[in-house]
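# pasting the structure only:
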Ligand code: DMJ
């Protein structure tokens with residue numbers, strides 16, 4: 001130690017001369033009090049310096065961990081030999097497939113009872129695990145949340161009113177009207193009809209009256225336009241019926257019936273399975289060019305039931321009911337590969353097309369309507385309930401799996417293989433199955449930069465709920481995840497669902513709001529995303545309605561009284577039969 005050299009001059013032992021003393025210098029054995037004090041000061045400064053270095057200098061190990069975390073979340077991660085793992089990518093994929101095959105075989109060996117017991121155990125475990133792992137939701141910010149959502153609705157509606165009035169949808173960046181082929185080349189004011197009941201529920205009366213006036217004066221179904229039977233049914237007939245039930249205004253019922261008459265010719269096929277599209281003027285129908293072997297789509301012809309049963313109920317005309325019951329009977333008679341419903345059915349031959357089964361796009365709302373037909377009938381339509389239970393049993397057996405990271409997901413069945421991929425659309429099933437899907441779908445949001453979910457996400461080759469392809473990274477203001485949060489909130493009252501909904505609402509407001517309304521974004525993994533420039537009509541019908549309901553009391557549209565169609569339009573439970581005899 002060379003401490004003396006470091007000491008300031010005043011701290012050194014210096015020779016002192018005292019009167020009468022010899023001229024030889026001598027050293028004292030002890031220090032004076034002031035010297036002791038100075039020494040103490042120096043020591044404490046030194047200790048502070050050491051502590052400072054310990055706490056404030058960069059810690060390499062921490063930084064490395066942080067980088068890895070981000071990489072895991074943002075970049076599809078594939079183990080490579082360089083990282084010390086000995087599997088090549090091909091081996092990994094093969095192993096994944098073998099594991100999936102093995103899982104499928106094991107499930108097939110089990111009896112129905114064994115499978116149901118297993119599912120029940122799984123459900124209980126998921127709930128318990130979630131309780132254990134979840135540190136509990138952070139408290140919601142002290143603001144009136146329904147009011148925030150109402151303000152979002154005002155911005156979406158006012159922008160459409162100003163720039164896209166009467167058009168089907170809005171381009172919020174270009175600030176003009178927008179439409180897609182599902183509405184043909186018509187101007188049917190889809191956003192007005194789709195938004196009506198949301199305006200009503202939120203108490204936006206002037207806006208509701210404005211919409212009603214437009215419908216009275218302008219909504220007309222005689223255009224030479226080829227429209228999607230499914231889309232027009234769920235958005236227009238569903239929207240008009242809900243507006244009628246909520247407000248009691250006859251005009252909505254009349255318009256719904258007039259439109260239904262225009263859809264009836266779509267059922268003129270050799271099997272009675274309707275065409276996907278129909279020309280409103282000529283009544284000529286056809287299918288989408290892209291559909292397998294000229295087929296109609298399960299989620300389209302299987303999502304007419306609720307609205308058509310209500311039409312018969314309201315008009316006394318049995319035709320609507322007969323049309324949808326015919327579809328159900330025909331499906332009940334058909335063989336199903338592995339008990340699963342393929343997404344494609346040829347309306348000329350009555351045969352299945354490609355064996356592709358999905359609870360996401362092309363299949364989704366068919367399953368939803370089986371359950372809701374039963375609920376809407378005040379649980380008397382047991383045929384629908386049985387069809388639902390059988391379909392879900394096959395889905396649980398063949399499509400529902402757990403990822404390596406422990407996330408429950410619903411895959412897709414394609415020609416004998418399970419694709420370990422889930423679409424945003426399939427997230428609606430979180431509310432239908434309550435099997436831990438809400439948690440998985442929340443993860444798909446949480447693992448992005450914008451905290452908004454991608455269109456599709458994978459559970460393969462080390463991936464956990466992240467999108468891989470560029471064309472699957474978009475978010476187009478879809479409602480399914482928020483819809484599931486709302487159902488789960490109503491079923492459990494676990495505050496985490498409100499917390500998750502609030503996160504989504506904030507992300508939408510931050511990243512999708514523009515001066516001319518709300519727009520979808522093309523890449524949820526980019527901190528600087530580009531807009532798709534479309535404000536979808538379902539954003540007003542569904543996304544904002546489910547958000548508003550999530551933060552409202554349960555007595556606003558109680559689930560014992562109302563059943564929501566697949567476009568979030570509430571229809572009342574029918575406590576009276578079609579013969580008007582009440583239960
Ligand atoms: C909506 O039109 C309906 O929810 C439909 O059933 C599926 N997709 C859209 C919204 O994503």
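Sure, I can see it. Computed from a prediction, not measured in an experiment: that's the story for all the values here. Numbers count the residues shown, from 1 in each chain.

# low-confidence ranges, the stretch 351-500 of the chain, go.
The stretch 351-500 of the chain contains no residues with pLDDT under 70.

# can you list the residues of it near the ligand?
Contact residues (Cβ under 6 Å from any ligand atom) of the stretch 351-500 of the chain with the ligand: 365, 425, 478, 479. Glycine gets a C-beta too; all of them are placed from N, C-alpha and C.

# just send those residues back as JSON lines, with neighbour count and secondary structure too.
Formatted as JSON lines, those follow (neighbours: other Cβ atoms under 10 Å; DSSP: H, G, I helix; E, B strand; the rest coil):
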{"residue": "365", "neighbour count": "26", "secondary structure": "helix"}
{"residue": "425", "neighbour count": "21", "secondary structure": "helix"}
{"residue": "478", "neighbour count": "23", "secondary structure": "coil"}
{"residue": "479", "neighbour count": "25", "secondary structure": "coil"}
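
# from these, which two are the most distant?
Within those, 365 and 478 form the most distant pair, 13.5 Å apart (Cβ to Cβ).

# need the strands for the stretch 301-450 of the chain, in chain order.
With DSSP state E, counting those that start in this stretch as the criterion, the stretch 301-450 of the chain has strands at 344-345, 356-357, 400-402, 408-410, 412-414, 417-419, 421-423.

# so who does the residue in the stretch 301-450 of the chain that the ligand sits nearest to touch?
Per Cβ to the nearest ligand atom, residue 365 is where the stretch 301-450 of the chain lies closest to the ligand, at 4.4 Å. By Cβ atoms under 8 Å, 6 or more residues apart in numbering, residue 365 lies in contact with 234, 299, 302, 303, 428, 566.

# number of nearby residues for the closest residue to the fifth one other than its chain neighbours?
If you skip the residues right next to it in sequence, residue 428 has residue 480 as its closest partner in space, 4.1 Å away by Cβ to Cβ, 6 or more residues apart in numbering. The local packing of residue 480 (other Cβ atoms under 10 Å) involves 24 other residues.

# so residue 480 sits against residue 422, correct?
No: using Cβ atoms under 8 Å, residue 480 is not in contact with residue 422; the gap is 10.8 Å.

# tally up the residues packed near the nearest residue to residue 387 once chain neighbours are set aside, please.
Spatial nearest neighbour of residue 387, excluding adjacent residues (Cβ to Cβ, 6+ apart): residue 370 at 5.1 Å. For residue 370, the neighbour count with other Cβ under 10 Å is 25.

# and the gap between the residue of the stretch 351-500 of the chain found nearest the ligand and residue 386?
Nearest to the ligand, among the residues of the stretch 351-500 of the chain, is residue 478, at 4.0 Å (Cβ to the nearest ligand atom). As for residue 478, its distance to residue 386 is 31 Å (criterion: Cβ to Cβ, to the nearest Å).

# distance of residue 312 from residue 322?
Residue 312 is 8 Å from residue 322, where distance means Cβ to Cβ.

# neighbour count winner among those two?
residue 312 (19 against 13).

# confidence score at that one?
pLDDT for residue 312: 97.

# likewise for residue 145?
Residue 145 is given a pLDDT of 85.

# could you pull up the residues touching the closest residue to it other than its chain neighbours?
Sequence neighbours aside, residue 551 is the residue nearest to residue 145 in space, at 3.9 Å (criterion: Cβ to Cβ, 6+ apart). Shown in contact with residue 551 (Cβ under 8 Å, 6+ apart): 145, 146, 149, 498, 501, 502.

# which of those fall within strands?
Nothing among the contacts of residue 551 maps onto strands, per DSSP state E.

# let's have these in TSV, adding neighbour count.
Listed next are the contacts of residue 551 as TSV, based on neighbours: other Cβ atoms under 10 Å:
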residue	neighbour count
145	19
146	17
149	27
498	18
501	26
502	22
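
# which of the residues you listed lies closest to the ligand?
The nearest member of the contacts of residue 551 to the ligand, counting by Cβ to the nearest ligand atom, is residue 501 at 16.4 Å.

# isn't that closest one up against residue 548?
No: assessed by Cβ under 8 Å, residue 501 is found out of contact with residue 548, at 10.1 Å.

# residue 533 should be in a helix, yeah?
No: counting by DSSP: H, G, I helix; E, B strand; the rest coil, one finds residue 533 to be coil, located in no helix.

# I'd guessed it sits against residue 518; true?
No: using Cβ under 8 Å, residue 533 is not in contact with residue 518; the gap is 10.7 Å.

# neighbour count for the two, which is higher?
Remark: of residue 533 and residue 518, residue 518 carries more neighbours, 26 against 19, as counted by other Cβ under 10 Å.

# quick one, what contacts the more buried one?
Applying Cβ under 8 Å, 6+ apart, one finds that residue 518 lies in contact with 152, 155, 156, 159, 172, 477, 508, 512, 535, 539.

# can you check residue 179 too?
167, 168, 169, 185, 186, 187, 190.

# any idea what the third one is bridged to?
According to DSSP bridges, residue 178 are recorded as the beta-bridge partners of residue 169.

# how about it, what does it touch?
Taking Cβ under 8 Å, 6+ apart, we find residue 169 in contact with 160, 177, 178, 179, 180, 190, 191, 534, 535, 536, 537.

# gap between residue 242 and residue 254?
Applying Cβ to Cβ, the value for residue 242 to residue 254 is 15 Å.

# between those two, point out the one with more neighbours.
The neighbour comparison of residue 242 against residue 254 (other Cβ under 10 Å) goes to residue 242, with 31 against 13.

# host element of that one?
Assigned by DSSP states H and E, residue 242 falls within helix 238-247.

# and the ligand, is that helix touching that?
No: counting by Cβ under 6 Å from any ligand atom, the ligand is not contacted by helix 238-247; separation bottoms out at 9.7 Å.

# which residues touch the helix or strand following that helix?
Downstream of helix 238-247, the next assigned helix or strand under DSSP H and E is helix 250-263. With contact meaning Cβ under 8 Å, 6+ apart, helix 250-263 is reached by 196, 212, 215-216, 219, 221, 229, 232-233, 236-237, 240-241, 243-244, 274, 278, 280, 283, 307-308, 311, 314-315, 320.
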